[in-house]
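Colleague: Got a sequence here, can you build the structure:
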Amino acid sequence: MDHLEKPTCKLVRPTDTYDGKQGFSYFAGIAAETVGAKGICMHLLTIPPGGRAKAHMHEAHETAIYLISGEAHTWFGDRLENHVVHRAGELFYIPAGVPHLPANLSSEPCVAVIARTDPNEQESVVLLPELEDLVRF
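Modeller: As a prediction, this is how the structure comes out:
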């Protein structure tokens, strides 16, 4: 954005998708790439039945998740030793630098709104392949 251009509100209709490093396909949302966001990213994610992300962390950015429908399992911690199940209507927080691996173990899609303090959605994603085999289901 040109420094002389006045900031303005922008509407995003999430019809386009992109493939994230984490292994999921995301609907385009609010990000530096779509609206010029400076400090936040927010998008919609549908995890298909049986879908699982790659183990990863967001190096320097926090994540907030609101589950619209379905349920998700998330393993988290240095060795993915912790586990939580979050359901529709619940919110889940992931601090910066915490390894995690979400999955949908149900037979229904899981739909979530995800917000991060990283305006460039994929910039701080760090894949952790050494943790992949720690979670079995």
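
Colleague: Tell me which residues touch Ala88, please.
Modeller: When contacts are counted by Cβ atoms under 8 Å, 6 or more residues apart in numbering, Ala88 touches Leu67, Ile68, Ser69, Gly70, Glu71. In short, each C-beta sits where N, CA and C put it, glycine included.

Colleague: which of these sit farthest apart?
Modeller: Spatial extent of these (Cβ to Cβ) is set by the pair Ile68 and Glu71 at 11.3 Å.

Colleague: More neighbours: which of these two?
Modeller: Legend: neighbour count by other Cβ atoms under 10 Å for Ile68 and Glu71, higher for Glu71 (16 against 13).

Colleague: any idea how far Asp133 is from the more buried one?
Modeller: Using Cβ to Cβ, to the nearest Å, Glu71 is found at 24 Å from Asp133.

Colleague: now swap in Tyr93 and tell me
Modeller: Counting by Cβ to Cβ, the gap from Tyr93 to Asp133 is 26 Å.

Colleague: For the residue nearest the centre of the chain, which residues are in contact?
Modeller: In the chain, the centroid-proximal residue (Cα atoms, centre = their mean) is Ile114; its distance is 5.2 Å. For Ile114, the contact set (Cβ under 8 Å, 6+ apart) comprises Met42, His43, Leu44, Leu45, Thr63, Ala64, Ile65.

Colleague: beta partners of it?
Modeller: In this entry, Ile114 is beta-bridged to His43, Ile65, by DSSP bridges.
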